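A.B. asks: give me the fold of what follows.
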Amino acid sequence: MKRLMNLGLGLAYALGMIALAGCGGGHEDHGAAGFSRETNYFLAAGDFHSCSLSGGDLYCWGSNDNGQIGAGMDPALYYSNYDNLNVSVPLEVRNIRDVKGVTNGGSHSCANLANGAVKCWGYNEYGQLGDGDFNDTFLPADVIDAAGLDLTGIIQISARGDHTMALTSIGTALGWGDNYYGQLGNGYSSTYFSYATAVVGPEGLTVAQVSAGGYHSCLLAGDGGVWCFGDNTYGQLGDGTNTPSNVPVQVSDFPGLVREICSGFDHNCAELTDGSVYCWGYGGDGQLGQGSFSNTDTPVLAALAPDLALHLACGNDHTCAVLTTGAMACWGDNEDGGLGNGTFSDSNVPVDVIGLPGPVLAASAGNLHTCALLFSGEIFCWGGNTAGQLGTGDFEDYTAPRSVLFPL
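C.D. replies: Okay, the predicted model is just below:
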């Protein structure tokens, strides 16, 4: 039987997202871009695992080789759907309560709490858990600052690869973990940080959203602009060059204000206040959605029209958009069916996700899989499932949405 997300919580989030769709600016918490800094996602897809929030409780499933499921090491906690450290049905994350948002990196997970703290668990070779050391942990651990104090005041988090980014309630950004390419934006490169460090932003920059890529990161500013930093091999910093930077550089001009961003491994996409989507960076799998497989170092318009986007989700090499109609479209890498259109063919233009039984509230994309939260509270996933990351109780890939099997 499927466990539904807390419907009151889901409805409140839905109404917030609908309001954002028509919001053009002018509020302290929204900025000119219309993106709410209070918005947190209840669904997260990592490389080979997934997590979701349900009424303040957190569940994860899929690969658990580094403890990223957060269920501890007690074998009694595992269901019969357990094989070689892979869990194909959701398990409740232990020792964590009052979760507001969740994000997954390659093999680690993090959650921000109602009190402004952050906890992370899983793989930690590069300090991406932010708990002051480099040891994996199978249970949530507190993220700390440079002084060794528990982090506070966090309202949004984002992880990918081996680093994590966080947004504070005062509009500043922090990062921890792998910083070899300067993806933490703190002015350093070729090093790791096992505690939260501050992004060195331009003076006066107010951050409205953080987004972590593979070896780069991006910020959405309160004025609707976008800034990126880290690796720039494929133009993923969007400044018209291939020069890396360990501090934020501004993405080339958009034709309007941006209200949401997402980052894949080597690409990014931005949703403008008019519902159009622009992408930049690596395009070799079609993840930019502009009709070619070329890279671009400045934003290009994804071929989504006449549809309008309400929410974006970037996977490692594919991109999805929740549309204002409640439907969903995806484009890019599809080798395991992560586009959800019933095929295994890559697409450089958006294709419709098929078989969803109701309107979509939010989505998250991982390495080769994608998950969607419906207004009904149900969660559906599709794509690669070698580690059970679809939560369907098996390890079969699916090219169309399948219901996640929550415990009773």
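A.B. asks: from here on, contacts and neighbour counts on C-alpha atoms
C.D. replies: Noted.
A.B. asks: can you show me the helices along the chain?
C.D. replies: Under the criterion DSSP state H, helices of the chain are mapped to 7-21.
A.B. asks: got any ranges where it has weak pLDDT?
C.D. replies: Within the chain, the segments meeting pLDDT under 70 span 1-40, 55-56, 73-84.
A.B. asks: for stretch 138-148, list every residue counted as buried.
C.D. replies: By 16 or more other Cα atoms under 10 Å, the buried positions in stretch 138-148 come out as 138-145.
A.B. asks: got TSV for those, with distance to residue 396 too?
C.D. replies: Output for the buried residues of stretch 138-148, formatted as TSV (distance: Cα to Cα, whole Å):
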residue	distance to residue 396
138	26
139	28
140	29
141	32
142	35
143	35
144	39
145	41
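A.B. asks: residue 263: which of those is nearest?
C.D. replies: Nearest to residue 263 among the buried residues of stretch 138-148: residue 143, at 22.5 Å, using Cα to Cα.
A.B. asks: surely that closest one meets residue 177?
C.D. replies: No. Using Cα atoms under 8 Å, residue 143 makes no contact with residue 177, being 11.1 Å away.
A.B. asks: intersection of neighbour lists for these two?
C.D. replies: 129-130, 195 (Cα atoms under 8 Å, 6 or more residues apart in numbering).
A.B. asks: need those in TSV (columns: neighbour count).
C.D. replies: Listed next are the shared contacts of residue 143 and residue 177 as TSV, based on neighbours: other Cα atoms under 10 Å:
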residue	neighbour count
129	37
130	32
195	25
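A.B. asks: what about those, which are in strands?
C.D. replies: residue 195 (DSSP state E).
A.B. asks: partners of residue 212 in the sheet?
C.D. replies: residue 217 (DSSP bridges).
A.B. asks: relative to residue 88, how far out is it?
C.D. replies: Plainly put, residue 212 is 26 Å away from residue 88 if you go by Cα to Cα, to the nearest Å.
A.B. asks: if I read this right, residue 286 contacts residue 347, doesn't it?
C.D. replies: Yes. Contact criterion Cα under 8 Å: residue 286 and residue 347 qualify, at 5.7 Å.
A.B. asks: quickly list what's touching both of these two.
C.D. replies: Shared contacts of residue 286 and residue 347, defined by Cα under 8 Å, 6+ apart, are found at 331-333.
A.B. asks: go ahead and confirm residue 135 touches residue 128.
C.D. replies: No. Counting by Cα under 8 Å, residue 128 is not a contact partner of residue 135; they are 10.0 Å apart.
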